[in-house]
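1. test case, fold it:
(chains A and B)
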Amino acid sequence: MAEQKASTLIEAVESGLAAQGYIASRQIATAVYLSQQIEKPILVEGPAGVGKTELAKAIAAWRGKKMIRLQCYEGLDEAKALYEWKYAKQLLYTQILKDKLGEVLGGAQTLHAALDQLHDFGDVFFSKEFVEPRPLLQALEQPGGCVLLIDEIDKSDAEFESLLLEILSDFQVTIPELGTVSAITPPTVILTSNSERDLGDALKRRCLHLHIGFPEQRLEERIVESRVPGISQTLRRQMVGFIHEIRSLDLKKLPSVSETIDWARVLVLLQATELNTEMVKDTLNVLLKYEADIEAASPQVTTFIAKAARSNVFG
Amino acid sequence: MRENLHRFFRAARGAGVHVSPAESIDAMRAVAQVGLTDRAILRDALLLTLAKSQDEKLALGDCFDLFFSQPEPPQQQSEANDNDGPSPNSDQSPSSGSASEADGSQPQDGLGPLAQMLLSQDRNAIQAAIASASGAASLSDIRYSTQRGIFSSRILDAMGLQRLRDDLDELTATNPALAERLRAALDGLREAVRDTVSQGLALYAREEAENLRNEILRNAPLARIDRRQVAEMRALIRQIARRLRERYSKPRKRQRRGHLDVRRTLRRNAAWGGVPFLTAWKRKHRDRPKIVALCDVSGSVAQVSDFFLLLIHSLHEVVDDVRSFAFSSHLIEVSEILEKKSPEEAMAEIMSKVGFGSSDYGSSLVDFEKDFMSALTPQTTVIVLGDARSNNLDPRADILRRVSERSKRLVWLNPEGRLAWGFGDSEMPRYATFCSVVRQCATAQQLERAVSDIVATYQ
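-> All right, here's what the predicted structure looks like:
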C-alpha cells in the first residue's frame, strides 16, 4: 500500500521536474523523492554539463521555493559562507553612541561601578543586528524553506567541508556569540561535485549519493525536445545519435548535455533539416572544446553521420 | 524483511562497499519509504544511500543483482498452481520439522514434511525452506571455498534430510515408483542447495578472500612473484600509492596561531585606519619531497625496480619532483618514459634500453656524476635501489660520497636480506658508510614503509 504510493510519488516528482523543463531519469527522481522524505542532502556527482546545477534550479522552481546558491572556491571560509560580524557598523555605532555611553556611565563613581553598569547592557554589539548572514545562514532563516545549492564543493578546502557537517546533518549552525541557530523549515540541500578531489567520508556519509552520467539516447532526445522545441524529430534523432558516437571516442572532454542543447540551438538557427558533413564540421567547435579533440573527431564525422542516420531508420 | 536487509549489508561489505551502521540506518529508512514491491526502485534507493562513489555503485549494483537472484528451483516439469496457499505453512514446516524430528504432522502418507514438499513440487515452498535452512546454518558466515561441502550438508540437515532418508527407505519397500520420483527430486534439491551455497560464497566470502590474498601478496618477495600475479601486484601498488597520497597530501601551508604577521596585518587593515580587525598569522611553509631515484634493472632486481618506479611515479600529489634513472651496465634517465607511457610499455622500453645486462655500479655512478650531478639540491632525497653486486668491478664509492654530500638524504633500498650483504661480490658495507639509511626492501609491505618514511621526513 505504502509501496504503491511510493512509485506514484516518484512519478509525480518526475512529471513535476519535467514541467520545469528538466527531464529526469527515474534514479534522479527517486533521489529527489527520498531526500525529501528522509531529510537528507543530495550529493550530485558527474561530468561537467550534465545538469547538476539545473537539477537544483528545477526543484526550486517546481516547489516554488527560493533558491540560495553558494558557489565554492578555494579559500572560501566561514565569513563568506556562514556569517560575518558587521565590523564597520559596530565601529560606527560605538562612535555614535559614545555620548550616550558617557551619560549612562556618568553616574558611576568608580571604575568598578562603571564596569558593572556596562555589563548590564549585555552584549549589545554582538547581537543579531550586527550579524551579516551569508548563504548558509540565509538558507536556515528562510521561513518557508528553500533550496540550498552548494555548487562545486570539490573546489573548496577540506576545512570548509567540516564546517558543512553540522548544517547537513542537523540543519543548524552554532555561532559562538549567539548560540545555535536551527532551521525554521529544513532546506532542501543539493551539493554538486565534479570529482576534482575526493570528498571526505564524513561528508559523503551525510548525503544521498547521486551520480548523473551521460543520459541514454532516448532520454537525451527527450531533453533536447523539451529544451529546444523548434527542432524536427529526424534531426533530433540524428544529432543525438551522432553525439553518442562522438562520446565513444577517446577525447579530452566529451560533449555533455549542455553541449547537445547548444548544438541543437545552433542547428535550428542554421535552419538545418538533417546532418551533413559540411555543416557538422563547421559547427564541431560547439561540441568540442579542445583543438586536439576537434582534430581527432573530424576524420570520423562522415562515418558517424552515416551510423546515426542508419540507427535512425531502425530506431 | 529486516533480516534480509541485514544480510544484504553484509554482502555489500563483502563486495567492498563501506556500509557503516549509520548508513545502514539511512538505507532502512529509505527502504521503509519506498517499500519492497518495485525492485528497480528498491535498487535505486539502496544505491543512493549506501554507495558513495561510482565504483561502489557498480559493485553494489552487481551485489544487489546477485543477492536477489534466486538459484533455479529443482523442478522443471510442473509448477505449483496455487502460489500463495502453501508457502506460509511450509515456511514454518521445515523449521518445525527440523526441530522435532518425529513431527509427522500430515497423516495422509506418513511422510516427513520435506518429502511431501518435494513430491508436491511446490517451488515456492522449497525456495522458502532453503532460505530459512540457510539462515539456520548461518550461511552468511561462509568464508572459504573449501567450506562449500560442510555448509551444503548443514543446510540439508536443517531441512530434515534425515527424515527424508527414512522415508525413502520405507518407500523403496512399499512404493518403488514413488521412491524413484522422490530420489530424483532429492537430487534436484541437492543441486539447488549447492547453488545457494555458491551464491552465498560469492556474496559473503569475497572480502575475506581478497584480504587474505592481498596479505599474502604484500609479504611475497617482489623478485619472485608469478607472471600472473604481476597485474594483481600492480593493483596493490596503486592501492599503496593511493594510501600514501591520502596520508601525505595535506595542505602545504599551515597557519600557525600565535605568531602575528605584522606586515600583512597592517596591510589588510589599511581600510580601517590600521585598527586591526582582521589578523594575519605567520605561515610555515613545508617543502615537498624532491626525489632522485637510481634503480638497478639488471636481472636479479629488475622486478623490484619495476614496482618501485611504479609507486614513486604514482605519487604526483605528494612528491614535487621525481627524476628516475635506470642502470645496469650504464645509466640513463627514464623519467620521461615513465610519465608518458603505461607502466607495462614503459618497463618494456626501459628493459630494452638498459635492462638485463650484468650490473656495473662503478661506471653507472660515473655516468650519473658526469651528466646529472646538477639535479641534486640540498632538498633532494636520493634513493638507490639495488643489490650492490658489482661483479667485482670498481664500486667507485667515492662518487656515492659526493652524491651524499650534495643531497639531503641518501637512502639505499636493497632487495637482498641483511645476511647476504657483504658476501660474494656485494659492496653493500662499503656503500653503506655514505648512506643515511640502508634498509631491506623485498616485499610490497617493506616498499610501502620505505617510501612512507622518505616522504614523512618532509612533513
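2. quick check: B:Asp367 vs chain A, distance?
-> Separation of B:Asp367 from chain A (CB to the nearest CB, to the nearest Å): 37 Å. For glycine as for every other residue, the C-beta is placed from the backbone atoms N, C-alpha and C.
3. do B:Met428 as well
-> B:Met428 is 41 Å from chain A, by CB to the nearest CB.
4. likewise for B:Arg29?
-> 5 Å.
5. distance check, that residue against B:Phe64.
-> Distance, B:Arg29 to B:Phe64, by CB to CB, to the nearest Å: 18 Å.
6. settle it for me: which of these two has more neighbours?
-> B:Phe64 (20 against 16; other CB atoms under 10 Å in any protein chain shown).
7. so what secondary structure elements neighbour the host helix or strand of the more buried one?
-> B:Phe64 belongs to helix B:54-68 when assigned by DSSP states H and E. If you count contacts as 3 or more CB pairs under 8 Å, 6 or more residues apart in numbering or on different chains; DSSP states H and E, helix B:54-68 packs onto strand A:208-211, helix B:2-14, helix B:39-50, helix B:176-204.
8. just how off-centre is it within its chain?
-> Distance, stretch centre to chain centre, for helix B:54-68: 16 Å (CA atoms, centre = their mean, to the nearest Å).
9. pull out the buried positions in that helix.
-> B:Glu56, B:Lys57, B:Ala59, B:Leu60, B:Gly61, B:Cys63, B:Phe64, B:Phe67 (16 or more other CB atoms under 10 Å in any protein chain shown).
10. residues contacting the nearest residue to the third one once chain neighbours are set aside?
-> Beyond its immediate neighbours in the sequence, the residue positioned closest to B:Ala59 (CB to CB, 6 or more residues apart in numbering or on different chains) is B:Ala15, lying 4.7 Å away. B:Ala15 makes contacts with B:Ala59, B:Leu60, B:Asp62, B:Cys63, B:Leu203, B:Arg206, B:Glu207, as judged by CB atoms under 8 Å, 6 or more residues apart in numbering or on different chains.
11. how about B:Glu427?
-> With CB under 8 Å, 6+ apart, B:Glu427 has these contacts: B:Tyr361, B:Ala388, B:Arg389, B:Ser390, B:Pro395, B:Ala397.
12. tally of neighbours for the first one?
-> Burial measure for B:Tyr361: 30 neighbouring residues, criterion other CB under 10 Å.
13. what does the second one give?
-> When neighbours are counted by other CB under 10 Å, B:Ala388 registers 25.
14. for the nearest residue to it once chain neighbours are set aside, what are phi and psi?
-> Sequence neighbours aside, B:Met428 is the residue nearest to B:Ala388 in space, at 4.3 Å (criterion: CB to CB, 6+ apart). Backbone geometry at B:Met428, expressed as degrees, to the nearest 10, gives phi -50, psi -50.
15. just checking, B:Met428 touches B:Gly422?
-> Yes. Using CB atoms under 8 Å, B:Met428 is in contact with B:Gly422, at 5.8 Å.
16. in terms of neighbours, single out the busier of the two.
-> Using other CB under 10 Å as the criterion, B:Met428 and B:Gly422 rank with B:Met428 on top: 21 against 13.
17. so which residue of chain B lies furthest out from the middle?
-> B:Gly273 (59.3 Å; CA atoms, centre = their mean).
18. give me the number of residues near B:Ser363?
-> As a burial measure, B:Ser363 scores 17 neighbours (other CB under 10 Å).
19. next structured bit after the helix or strand containing it?
-> B:Ser363 is located in helix B:361-372, with elements delineated by DSSP H and E. Per DSSP H and E, the first helix or strand lying C-terminal to helix B:361-372 is strand B:380-385.
20. what pairs with that following strand, and is each one parallel or antiparallel?
-> Here strand B:380-385 has these sheet partners by DSSP bridges: strand B:290-296 (parallel), strand B:409-414 (parallel).
21. surely B:Val144 meets B:Ala205?
-> That one is not Val; residue B:144 is Tyr. Yes. Using CB under 8 Å, B:Tyr144 makes contact with B:Ala205 at a distance of 6.5 Å.
22. neighbour count: the two, which is higher?
-> B:Ala205 (20 against 11).
23. just want the angle from the helix holding B:Phe64 to helix B:2-14.
-> 140 degrees (axes from the mean of the first three to the mean of the last three CA atoms, to 10 degrees).
24. measure B:Ser359 to B:Asn414 for me?
-> 13 Å.
25. go on, B:Phe67?
-> Per CB to CB, B:Phe67 is found 48 Å from B:Asn414.
26. what's the answer for B:Ser152, then?
-> From B:Ser152 to B:Asn414 the distance is 50 Å (CB to CB).
27. between these two, which has more neighbouring residues?
-> Higher neighbour count among B:Ser152 and B:Asn414: B:Asn414, with 26 against 20, using other CB under 10 Å.
28. and that one, what are its bridge partners?
-> Here B:Asn414, judged by DSSP bridges, has bridge partners B:Gln440.
29. okay, it: pLDDT?
-> As predicted, B:Asn414 sits at a pLDDT of 89.
30. list the contacts of it.
-> Neighbours of B:Asn414 in contact, by CB under 8 Å, 6+ apart: B:Leu385, B:Gly386, B:Asp387, B:Ala388, B:Trp421, B:Met428, B:Val438, B:Arg439, B:Gln440, B:Cys441.
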